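Undergrad: Provided below for reference: sequence and predicted model.
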Amino acid sequence: MFVKAILTLDHRSTDIHYLQKLLARGKGIPYFSELLTNPKLSYFIENLNLVHAKMRFGEAGFGVKQQELIQVLDEVAFNLNKTYLNMMKCKDAHPFYVPDALKESFLHDNKFFRDNDISNNVMDSIPQPT
């Protein structure tokens, strides 16, 4: 959803659902290029569709390195959020929405988000264009 929101801000919206094609459409958006060229991140992106399909269609009996997956997901979410806020030209910080019930597990071993980067108030996380 972050990728589609960023593309919409840049007037490159599309109905494509395949993540790699969406990222390629955002040519020139710095973090999109990073997601496609950084070996660790591109591997994550390539396999995200496979993981999603297997979990969605009930074939989740495959081996996933859960902690590794979560750390890369934290990195991608943090940087896509930063990209989105930069493109919205937000001068003020807007915390990432995390419900109180998930706060402890969300921050556990998180190398990107810190306590002051999140809020349990969804309205805090909605940037207003300047």
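TA: Everything's here; your move.
Undergrad: After the helix ranked longest in the chain, which helix or strand is next? Please name it.
TA: In the chain, with assignment by DSSP state H, the single longest helix is helix 66-87. Remark: after helix 66-87, the chain's next helix or strand is strand 96-97, criterion DSSP states H and E.
Undergrad: Looking at Ile70 now. What's its pLDDT?
TA: Among the per-residue scores, Ile70 shows a pLDDT of 83.
Undergrad: how close does it sit to Leu23?
TA: Look at Ile70 and Leu23: by C-beta to C-beta, to the nearest Å, they are 21 Å apart. Where you see a C-beta, it was placed from the backbone N, CA and C, and this is true even at glycine.
Undergrad: who's more crowded, the two?
TA: Neighbours per residue, other C-beta atoms under 10 Å: of Ile70 and Leu23, the larger number sits with Leu23, 22 against 16.
Undergrad: close enough to count as contact, that one and Leu35?
TA: Yes: contact criterion C-beta atoms under 8 Å: Leu23 and Leu35 qualify, at 5.5 Å.
Undergrad: what is in contact with these two at once?
TA: Both Leu23 and Leu35 are contacted by Ile45, under the criterion C-beta atoms under 8 Å, 6 or more residues apart in numbering.
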